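> Sequence first, then the predicted structure:
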Amino acid sequence: MPVPCATGCGRNASLKRPKTGDALCKECFFWAFETEIHFTITRGELFNRGDSVAVAASGGKDSTVLAHVLKTLNERYNYGLNLILLSIDEGITGYRDDSLETVMQNSADYVMPLKILSYKDLYGWTMDEIVAQIGRKNNCTFCGVFRRQALDRGAALLNVKCIATGHNADDIAETVLMNVLRGDIARLKRCTAISTGSEGTIPRVKPLKYSYEKEIVMYAHYKKLVYFSTECVFAPNAYRGHARALLKDLEKIRPTCIMDIIYSGETMSVKEEVTLPTQRTCSRCNFVSSQEVCKACVLLEGLNKGLPKLGIGKSSKAKRMLEEYNAKQNDSLQEAISEINDEFKKNNCISKGKVCKSNCKSKENKHSTTDLNTVDANTNSCEQVHSNEVTDDNKETKCCNKKQYCTNKKTNETNESNSKAEKLLAEYGIPESSDKPNSIEETNSSQDKVCEIDVSNSVDNEEFDVDLHTNDEVILKEEDNTCAGACGKVDSLHIGF
Amino acid sequence: MICRKCDAPATILIRKEYWYCNTCFITNTNHKFRACLGRSKTLSPNEKVLICLSDSTSSMVLLDLVQNSISLNGTKKLRVIPFFLHIIETATEDSIRTAKLIIEQCNKYNLDIYIVDINEYYSTNNILPDINVLPQTKSETLNNMRMNVSATIYDDVIVKIKRTLFLRIASELSCKIIFTAETTTQLAKRLLTNLAIGRGSQVENDIGFADQRDKSIKILRPMKDISNEEIEYFLKVKQISKIQNSSNTKIGLQSVVDNFVLDLQKNYPATVSTVCKTADKLGSAENTTETQNCTLCQSNITFKSSKLTAVEATIFSRQMCTNKAGVNDKIEVMQSITEDKNPMFPSIYKTLCYGCSRNFSELDSYL
Ligand SMILES: [Zn+2]
Ligand SMILES: [Zn+2]
Ligand SMILES: [Zn+2]
Ligand SMILES: [Zn+2]
Ligand SMILES: [Zn+2]
């Protein structure tokens, strides 16, 4: 039994919109989807006429749809924008080949200039070269830090007014939840902003802020857009993984919760008395940094001086290492390096700051008390690198070696993206299959200790020091240099929260 | 293992890290409770306090903690005049049994308690009943509502209704302070729920130590540093009977969040308190120069701002589904949408906050 399109256009509906539940025909869906983005761009004042805009392009679904819709709207409404696709090539053999091919295809299809910037262009080093320098142990740090800055550096080279990224509504809602779980107030405050950028930096805007991921996939599918499923093989950090799972479960029950969570983020603020880490710019490269010299510059300094481990720990430590290095200029370089590296090995427990400290403390008791990152066995977090174990260059440690950096899953990409779209169509295409009931079981927390002794209430010792159980409050704050923060997203140009 | 406080053999392990003997564990819990109240300095001597018990197990602990604190001597004594209240949410056998259990427990301590039916929300008279008696159920309104609206909205509305009743009864008893029994775990759940239903800006009052939305009566949460894990041990050690919660059969966002937090509590207990600590740092970004409060939950109402928010984006999406492709691409949100017969956000920016407005669109006949 065909369902008429809710707009009254006379055609039959071919899908149920995940966002509103309305049954629409394809044409009306395209129109609604595009016009909503036009609404976001216009009301959010994302661009000015004549602007050059870099569209962060990874070949993934979000950036492909973003590029397509921006081109469409730019022509339809005469925005007068000069759109340029910007891709980053990390220089990892084999990793970008397929996705860059997709981006080149997009560039040809949409007649949009494409600029591919390599890490070599941006930093003077490819990831492959970095790995060769530092071994396979610490490169997650490099991966994360360099990625975070790559778009900014690229955009600066292109001399554009702003960068448009493909963050969608689901990403933003997920990030709100994640930042609450991490207790990251500073990011919580920023993450729902439609455009971000402090003084002297190139702003980033999110035209897909109110677009549902499911609709993006359906749009790409019905429009037959070519995209590439870039699954970054880094497991998302534990917090993002949990936030994502929670959001998916919530969405099943109430699809509007994505917008509700965004609204929550938009209307909440940090109390005035709470001090946030200040954002400033790096004195060397002028990109955003919480330190005087940004992490990327410290890492580069290390690479260029043959001290690759510089900067993997705390910045104060990096400074000291650098001083020692300079003091030892007369000695043979090799000697200095091995000394510093030895020292690093001995002390690397403190390198991760608070997190690691409590990790080491709790090791004695054999139970972890810290945060998600350190405890989640399912996650390939990088904590191992910073753990107390002396890292032997030949010995494989659990975490980052297996998956040194983001190598692409060699799956058949068309199959993969199709299967995702097909799943959605099964649910939202019309005729629609009946909804499955969600069964969520009550889990009873079982108490393993039995307390049999009777205790009176009268205990009231003046000397008693109350335990508030908050001393292990270990939260990853601004200092977040591992891939845990950077590789959280499916699509590597997706960094920026 | 040895107790971290007194070297006696430990019997209880909290958060997989802290070992206690039974005695020190109970002492620590009592101290947490008093430390929380002490820090706030909101209580004046002989303050009348309405202590609100509920269907949750933590109520029994609150009762015990209060009883213990007021029966101490010297400087440690909690100098308050307590009044106890329990609200019956549904007229099921379970909740009658719970109410009886609570009366019994109060009587053990020689304390009196008021039991009030939640449907008194609709009554316009004074609602304070006689002490220690079960009320007669007069109305089925809220039960009908439960059958007819989504679990998410029902659960949220019940929290708001109970809050309103607490305030009414406190005012009838001329109490300026209310204690409620939320634990760290429950507050973490409420924080995530608040986010998920668009009440992010209300976190400070809904999750923090004090709800100060009412001008004359403050609601305090002195158990906010005590986790559900500790509640379980407390009841076990003190051999207090547990309340059997009748679980809601319909699944709303709250039950998804419940399960999520249960899992966190079990595997990452530190994260649960992180979530609660976050609440202490959050306020509202709303324009508060010209304050107006939501008629249902007393939160500040956001005024329509020039900034684009999810409200406009949502209304615009609805608008796009009623227009033919290519016909309408006006980017204004039509004013009429908000005033339409079946608006997405009834009375938003006027008398209701975002969350209550969303609720109201489903259940205006019950409020
Ligand atoms: Zn149509
Ligand atoms: Zn720099
Ligand atoms: Zn790693
Ligand atoms: Zn002890
Ligand atoms: Zn309200």
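Yep, it's here. Ligands and ions are numbered 1, 2, ... in the order given.
> near ligand 2 at all, the longest helix along chain A?
Assignment by DSSP state H gives helix A:139-158 as the longest helix of chain A. No: remark: helix A:139-158 sits outside contact range of ligand 2, by CB under 5 Å from the ion, the gap being at least 7.7 Å. Any C-beta I mention is one placed from the backbone N, CA and C, and that applies to glycine too.
> Output the set of residues of chain A in proximity to ligand 1.
So chain A meets ligand 1 at A:5, A:7, A:9, A:11, A:25, A:28 (CB under 5 Å from the ion).
> neighbours around the last one, how many?
For A:Cys28, the neighbour count with other CB atoms under 10 Å in any protein chain shown is 29.
> so how far is B:Gln319 from it?
Using CB to CB, to the nearest Å, A:Cys28 is found at 12 Å from B:Gln319.
> which neighbours do these two share?
The contact sets of A:Cys28 and B:Gln319 do not overlap (CB atoms under 8 Å, 6 or more residues apart in numbering or on different chains).
> the helices in chain B, which residues?
B:22-40, B:58-70, B:93-108, B:141-148, B:151-172, B:184-196, B:203-207, B:228-238, B:253-267, B:269-280, B:310-320, B:335-339, B:354-363.
> Residue numbers of chain B in contact with ligand 5?
Close to ligand 5, as judged by CB under 5 Å from the ion, chain B has residues B:294, B:296-297, B:299, B:353, B:356.
> Who are the contact partners of A:Val270?
A:185-186, A:188-189, A:276, B:281-283.
> which of those are buried?
A:185-186, A:188-189, B:281-283 (16 or more other CB atoms under 10 Å in any protein chain shown).
> Filtering these by proximity to ligand 4, which remain?
Answer for the buried ones among the contacts of A:Val270 near ligand 4: none qualify (CB under 5 Å from the ion).
> got TSV for these, with pLDDT and distance to A:Thr64 too?
Shown next, in TSV, are these (pLDDT from 0 to 100; distance: CB to CB, whole Å):
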residue	pLDDT	distance to A:Thr64
A:Ile185	87	34
A:Ala186	85	31
A:Leu188	88	29
A:Lys189	84	30
B:Lys281	86	38
B:Leu282	86	36
B:Gly283	77	39
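> which of the residues of chain B next to ligand 5 are buried?
B:294, B:296-297, B:299, B:353, B:356.
> Switch those residues over to CSV; also include pLDDT.
Converted to CSV, these look like this (pLDDT from 0 to 100):
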residue, pLDDT
B:Cys294, 93
B:Leu296, 92
B:Cys297, 94
B:Ser299, 91
B:Cys353, 92
B:Cys356, 93
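> In space, what's closest to B:Val157 - neighbours in sequence excluded?
B:Asn359 (5.8 Å; CB to CB, 6 or more residues apart in numbering or on different chains).
> got a list of what the one you found touches?
Contacts of B:Asn359 (CB under 8 Å, 6+ apart): B:153, B:156-157, B:296.
> cool, and B:Phe166?
Here B:Phe166 is in contact with B:50, B:52, B:85, B:178, B:180, B:219 (criterion: CB under 8 Å, 6+ apart).
> how does chain B divide into domains?
The record's domain parsing of chain B by automatic domain parsing lists B:29-244+B:251-280, B:310-363.
> just to revisit the earlier point, which one of the contacts of B:Asn359 is nearest to ligand 5?
B:Leu296 (4.6 Å; CB to the ion).
> I figured that closest one hits B:Lys160, correct?
Yes: counting by CB atoms under 8 Å, B:Lys160 is a contact partner of B:Leu296 at 5.8 Å.
> which residues of chain B score low on pLDDT?
B:138, B:245-249, B:285-290, B:325-342, B:364-367 (pLDDT under 70).
> Pick out the residue of it closest to ligand 2.
For chain B, CB to the ion, closest residue to ligand 2: B:Lys281, 29.2 Å.
> State the distance from that residue to B:Lys224.
Taking CB to CB, one finds B:Lys281 at 14 Å from B:Lys224.
> Would you quantify the distance from B:Leu43 to A:Ala54?
Taking CB to CB, one finds B:Leu43 at 58 Å from A:Ala54.
> Equivalent analysis for B:Ala279, please.
38 Å.
> Could you do B:Lys236 as well?
As judged by CB to CB, B:Lys236 and A:Ala54 stand 61 Å apart.
> ok, now A:Cys257?
32 Å.
> Between these two, tell me which one has more neighbours.
More crowded of A:Cys257 and A:Ala54, by other CB under 10 Å: A:Ala54, with 27 against 23.
> Need the winner for burial among the helices of chain B.
helix B:184-196 (a mean of 26; mean count of other CB atoms under 10 Å in any protein chain shown).
> Quick one: list the elements packing against it.
Helix B:184-196 is packed against helix A:169-182, helix A:257-267, helix B:203-207, helix B:228-238, helix B:253-267, helix B:269-280, with contacts defined by 3 or more CB pairs under 8 Å, 6 or more residues apart in numbering or on different chains; DSSP states H and E.
> show me what contacts the residue of the stretch 351-497 of chain A found nearest ligand 1?
Taking CB to the ion, ligand 1 has its nearest neighbour within the stretch 351-497 of chain A at A:Ile430, 11.9 Å off. With contact set as CB under 8 Å, 6+ apart, A:Ile430 has these partners: A:2-3, A:12-16, A:23.
> What's the PyMOL line that selects buried ones from the residues you listed?
Buried members of the contacts of A:Ile430 can be picked out in PyMOL with the line below, counting by 16+ other CB under 10 Å:
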select buried, chain A and resi 3+13+14+15+16+23
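> Mark which of the contacts of A:Ile430 are part of strands, please.
A:15-16, A:23 (DSSP state E).
> measure B:Glu172 to ligand 5 for me?
23 Å (CB to the ion, to the nearest Å).
> Smallest gap between the stretch 101-250 of chain B and chain A, at which residue?
Residue of the stretch 101-250 of chain B nearest chain A, by CB to the nearest CB: B:Gly200 (2.5 Å).
> my guess is that residue meets A:Gly265, correct?
Yes: applying CB under 8 Å, one finds B:Gly200 in contact with A:Gly265, separated by 6.0 Å.
> neighbour-wise, which of the two wins?
B:Gly200 (30 against 27).
> what sits against that one?
A:176, A:261, A:263-268, B:194, B:282.
> Which residues of chain A lie near ligand 2?
A:282, A:284-285, A:294, A:297.
> Kindly reformat the buried ones among the residues of chain B next to ligand 5 as JSON lines containing distance to B:Leu111.
Putting these into JSON lines (distance: CB to CB, whole Å) gives the following:
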{"residue": "B:Cys294", "distance to B:Leu111": "35"}
{"residue": "B:Leu296", "distance to B:Leu111": "32"}
{"residue": "B:Cys297", "distance to B:Leu111": "30"}
{"residue": "B:Ser299", "distance to B:Leu111": "33"}
{"residue": "B:Cys353", "distance to B:Leu111": "36"}
{"residue": "B:Cys356", "distance to B:Leu111": "35"}
